[in-house]
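Undergrad: just to be clear, the model below is a prediction. Sequence and coordinates:
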Amino acid sequence: MQPAAAPNTRDLEREIADLMVQALNLNVAAADIDPAAPLYREGLGLDSIDILEIALVVSRRYGVDIKADSENNHQIFGSLTALAEFIAARRTK
Amino acid sequence: MHAVPLIAHGSPDDVVAYRNGGPICAARFIADAAHLASGLPAVRHVLNACKDRYCFAVGLAACIASNRVSLLPSTHTPEAIRQLGRFAPDAICLSDDPACDIALPQFQFPDLAAGDANMWPVPSIAADQLVAYVFTSGSTGVPVPHAKTWGKLVNCVQIEAGRLRVMATGPRAIVATVPPQHMYGLESTVLLPLQSANALCAERPFYPADIASALAAAPAPRMLVSTPVHLRALMAANIDLPAIELILSATAPLDESLARDVEARYAAPLLEIYGSTETGQVASRRTTQTAEWQLWPKVTITVRDGQAWVEGGHVEAATPMGDILEVTGTDRFLLRGRVADLVNIAGKRSSLAYLDHQLTSIPGVLDGAFFLREDAPATEIGITRLGALVVAPSLDAKAITTRLRERLDPAFLPRPLLLVPEIRRNATGKLPLHVLRSLLPET
C-alpha cells in the first residue's frame, strides 16, 4: 500500500492528469486515471514517446527538468502520485 | 574476394569511442571485441540487445570477427522474439542489462577489464561475409529478414561520410538519440564512426536535458544524430546545446520550417538521410536549401506502375519503396508521401495490413481494422497515433490492448481502440472513410 497523498498533492495530481490527457490526446477522462497505477505499459499504457511529451509539459509548466540519469525514471513514472510528488518537491513555478 | 578492415582508425591510439566521459582507443576496442568473441557460445546467430552503444559496437565487432551473424529485429515484443527463434533456432541474446526479459538464452555482456587491454592490428573481414539480418514486419505477420553483407554496409557508410564531409575534418564525437539496433542507428551511429575514423558516444540521451549533457561530455567537434521527434522536443524545450558542427536526422522527413529553426538555433547545418531497412541509406539532402534528395552514387530509382524501386550500389536487392518518389534528375528525387497502406508513427514504420493481421490473430477478435486519420490532432512533437475498430463481443478494450502489446511495438498501439458491432467494408475489402467517420466520436 502506498501512503495516502497529502491534499495538495491530490490537487496537483488532478492538474497533471489534465495536462497529460491534453498533451497526449488520451482517450480517457483525467478523473478516470488511477493515481496509483503505472503510467506506462499495462497501467495507463504510455510509451517512451509519451514520456518525452510529458517531460516537455512538466518542464514548461513547473520548471522541473526530468533527466534519465539524475533520478529513477521508473519510479517517477511509476504512478500519477509518484510523478506529482516528484514535481511537488522540485517545482520552481 | 577483397577484405575490408573492421575499423578505419589507422593508429592503435586513435579514439574509437567515448564512454562515461572517457576516451577508448582503437587497440582497446579490438581487444574488447576479441575478449567477447572468445567467450560467446558456439552459435551462429546473436541478437544484440545491448543498450550501451559501446557494448553494442563491441558485440557487433565480436560477431563479425568470429563469423557470427547479428540479428536486429524491428521490435523486441514477445511475438517478434518467438518468430525470431523460429528463424534462427540457435539464437542467443547478448545483453548488457541483467534485467533483460527477452525470451532467448541470455548471454550477459562480460566484464571488459578481464580481457587484454590492447590488441593490434585490426582484423580484415571478407567483403561478401554475411554480418547481419535486419528485419521488417512484413505484411503477413512473419518478420522478413534482410541479409546485410560487410562490404556493402561499409561502402554505404563511406559514401555517407563523404556526403557529410566527416572525413576531412575528423575526428568527431558522434552523439545519438537513436538506438543502434535499427538500420539508421546501425549505419549512422556505429558503422559511420567506425568506418570514418570518428568516435561514437556510448550514451543514448533521451530527454532534451540529457542530450545537452551528453553533448557537453563529448569533446568538440561534435555531431548529433537524431530524429524529427527529438529535434522537435529540443525546440519545444527551448534548450541550449554546446557547439555542434553537424546535425543529422532520419526516420521521417523533416518539414522545412523545423529544419530552419534547428539550424538557426544551433548554428549548424542539418542534413537529412533517406533510406529503409531493406536498402539502408540511399539519399541525403540539406533541407533548408532544397526539397530534392540526392541519391548515393550508383544507386538508381526506377518507377514501374507508380511503384518506385531502388537498386544498385550497396543495395542488396531491388527494393520497392514505401514512399511515392518523383524522379527529378538522374540522381535526384522528391518525396510525395507514403504508399497508401504504410504508416510511420514516431519514425517507426509498419503497414496497416500487418497491423490488421496482428489484431485479427487475437483469439476472440472477429474483425478489426487499424486506421490513420490525417485530420486527427498531432501532439507537440508531431505525433498522431493510429486508431482501430475491433469486433470482439467476448473481449473488452483492455484485454485486446494487452494482447496487442505482446505483438506490436508500443508506437502502434491504437488510440482510440473502439469496439464496434461490425465493420462495413466496401467490395474491395477496404474501409471507406465515411464509414470510419460515422463510427468515431467527434474530436
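TA: Here it is on my side, so go on.
Undergrad: ok now the one helix or strand B:T402 maps to, how far from the chain's centre?
TA: Using DSSP states H and E, B:T402 sits in helix B:397-405. Centre-to-centre, helix B:397-405 and its host chain are 26 Å apart (CA atoms, centre = their mean, to the nearest Å).
Undergrad: next, the closest residue to chain A within the stretch 101-250 of chain B: phi, psi?
TA: Residue of the stretch 101-250 of chain B nearest chain A, by CB to the nearest CB: B:A209 (4.6 Å). C-betas here are computed from N, CA, C, even on glycine. Backbone geometry at B:A209, expressed as degrees, to the nearest 10, gives phi -60, psi -30.
Undergrad: next: B:R53.
TA: Note on B:R53: its backbone torsions stand at phi -60, psi -30 [degrees, to the nearest 10].
Undergrad: count residues in the vicinity of it, would you?
TA: Using other CB atoms under 10 Å in any protein chain shown, B:R53 is surrounded by 26 other residues.
Undergrad: low-confidence ranges in the chain?
TA: Chain wasn't specified; assuming chain A. Low-confidence segments of chain A (pLDDT under 70): A:1-7, A:69-71.
Undergrad: nope, chain B
TA: Confidence mapping of chain B against pLDDT under 70 gives the ranges B:1, B:166-170, B:427-430, B:432-433, B:441-443.
Undergrad: got the residues of it near chain A?
TA: Residues of chain B lying close to chain A by CB under 8 Å from any CB of the partner chain are B:205-210, B:213, B:229-230, B:233, B:236-237, B:346, B:376-377, B:379-381, B:383, B:385, B:401-402, B:405, B:410-411, B:413, B:415-416.
Undergrad: now list the buried members of the residues you listed.
TA: B:205-210, B:213, B:229-230, B:233, B:236-237, B:346, B:379-381, B:383, B:385, B:401, B:405, B:410-411, B:413, B:415-416 (16 or more other CB atoms under 10 Å in any protein chain shown).
Undergrad: for the residue of the stretch 101-250 of chain B closest to chain A, give its distance to B:G22.
TA: From B:A209 across to B:G22, the span is 22 Å (CB to CB, to the nearest Å).
Undergrad: SS state for A:R14?
TA: When classified by DSSP: H, G, I helix; E, B strand; the rest coil, A:R14 comes out as helix.
Undergrad: so what's the residue count around B:L153?
TA: So B:L153, with other CB under 10 Å, has 23 neighbours.
Undergrad: quick one, what contacts the residue in chain B that chain A sits nearest to?
TA: Taking CB to the nearest CB as the measure, chain B has B:P410 as its residue closest to chain A, at 3.6 Å. For B:P410, the contact set (CB atoms under 8 Å, 6 or more residues apart in numbering or on different chains) comprises A:R41, A:D47, A:S48.
Undergrad: let's see that with 6 Å instead.
TA: A:D47 (CB atoms under 6 Å, 6 or more residues apart in numbering or on different chains).
Undergrad: just the buried residues of stretch B:76-90, please?
TA: Buried residues in stretch B:76-90, counted by 16+ other CB under 10 Å: B:H76, B:T77, B:E79, B:A80, B:I81, B:Q83, B:L84, B:G85, B:F87, B:A88.
Undergrad: distance check, the nearest residue to the last one once chain neighbours are set aside against B:I64.
TA: Which is B:A88. Nearest non-adjacent residue to B:A88, counting by CB to CB, 6 or more residues apart in numbering or on different chains: B:H45, 3.9 Å away. Distance from B:H45 to B:I64, counting by CB to CB: 13 Å.
Undergrad: so what's the closest residue to chain B within chain A up against?
TA: Nearest residue of chain A to chain B (CB to the nearest CB) works out as A:D47 at 3.6 Å. With contact set as CB under 6 Å, 6+ apart, A:D47 has these partners: B:P410.
Undergrad: just the ones of the buried ones among the residues of chain B next to chain A in strands?
TA: Using DSSP state E, no member of these falls within strands.
Undergrad: can you say which helix or strand has B:L192 in it?
TA: Element membership for B:L192 (DSSP H and E) is helix B:192-195.
Undergrad: from the contact counts, what lies against that helix?
TA: When contacts are defined as 3 or more CB pairs under 6 Å, 6 or more residues apart in numbering or on different chains; DSSP states H and E, helix B:192-195 sits against helix B:150-164.
Undergrad: in the chain, which residue is most central in space?
TA: Assuming you mean chain A. Residue closest to the mean C-alpha point of chain A, counted by CA atoms, centre = their mean, is A:L83 at 4.0 Å.
Undergrad: my bad, the chain I had in mind was chain B
TA: The residue lying closest to the centre of chain B (CA atoms, centre = their mean) is B:H182, at 2.8 Å.
Undergrad: next, give phi and psi for that residue.
TA: Phi and psi for B:H182, reported as degrees, to the nearest 10, are phi -100, psi 170.
Undergrad: could you confirm the residue nearest to the centre of chain A falls within a helix?
TA: Yes. Per three-state DSSP, A:L83 lies within a helix segment.
Undergrad: tell me how far the ends of stretch B:310-317 are from each other?
TA: 8 Å (CA to CA, to the nearest Å).
Undergrad: and that stretch, which residues are buried?
TA: Residues of stretch B:310-317 classed as buried by neighbour count (16+ other CB under 10 Å): B:V310, B:E311, B:G313, B:H314, B:V315.
Undergrad: contacting residues for the second one?
TA: B:E311 is in contact with B:A318, counting by CB under 6 Å, 6+ apart.
Undergrad: and if we set it to 7 Å?
TA: Contacts for B:E311 (CB atoms under 7 Å, 6 or more residues apart in numbering or on different chains) come out as B:T300, B:A318, B:T319.
Undergrad: same deal with the last one?
TA: By CB under 7 Å, 6+ apart, the contact list for B:V315 reads B:T279, B:V282, B:V299.
Undergrad: can I get the residues you listed in JSON lines with neighbour count?
TA: Converted to JSON lines, these look like this (neighbours: other CB atoms under 10 Å in any protein chain shown):
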{"residue": "B:T279", "neighbour count": "25"}
{"residue": "B:V282", "neighbour count": "27"}
{"residue": "B:V299", "neighbour count": "21"}
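Undergrad: report the distance from stretch B:344-360 to the chain centre.
TA: Its chain's C-alpha centre lies 16 Å from the corresponding centre of stretch B:344-360 when counted by CA atoms, centre = their mean.
Undergrad: measure stretch B:6-24 end to end?
TA: End-to-end distance of stretch B:6-24: 16 Å, with CA to CA as the criterion.
Undergrad: go on, stretch B:89-106?
TA: In stretch B:89-106, first residue to last residue: 14 Å (CA to CA).
Undergrad: so for it, what gets flagged as buried?
TA: By 16+ other CB under 10 Å, the buried positions in stretch B:89-106 come out as B:A91, B:I92, B:C93, B:L94, B:S95, B:D96, B:C100, B:I102, B:L104, B:Q106.
Undergrad: narrow the residues you listed to those in strands?
TA: Among the buried residues of stretch B:89-106, the residues falling in strands (DSSP E) are B:I92, B:C93, B:L94, B:S95, B:Q106.
Undergrad: got JSON lines for those, with distance to B:A161 too?
TA: Output for those, formatted as JSON lines (distance: CB to CB, whole Å):
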{"residue": "B:I92", "distance to B:A161": "32"}
{"residue": "B:C93", "distance to B:A161": "31"}
{"residue": "B:L94", "distance to B:A161": "27"}
{"residue": "B:S95", "distance to B:A161": "30"}
{"residue": "B:Q106", "distance to B:A161": "35"}
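Undergrad: farthest-apart pair in these, please.
TA: Greatest spatial distance in those: B:I92 and B:S95, 9.6 Å, computed using CB to CB.
Undergrad: before we move on, the earlier item: wait, which of the ones in strands among the buried residues of stretch B:89-106 is closest to B:S351?
TA: Nearest to B:S351, judged by CB to CB, of these is B:C93 at 26.8 Å.
Undergrad: ok, the closest one to B:P179 distance?
TA: B:C93 sits 15 Å away from B:P179, going by CB to CB.
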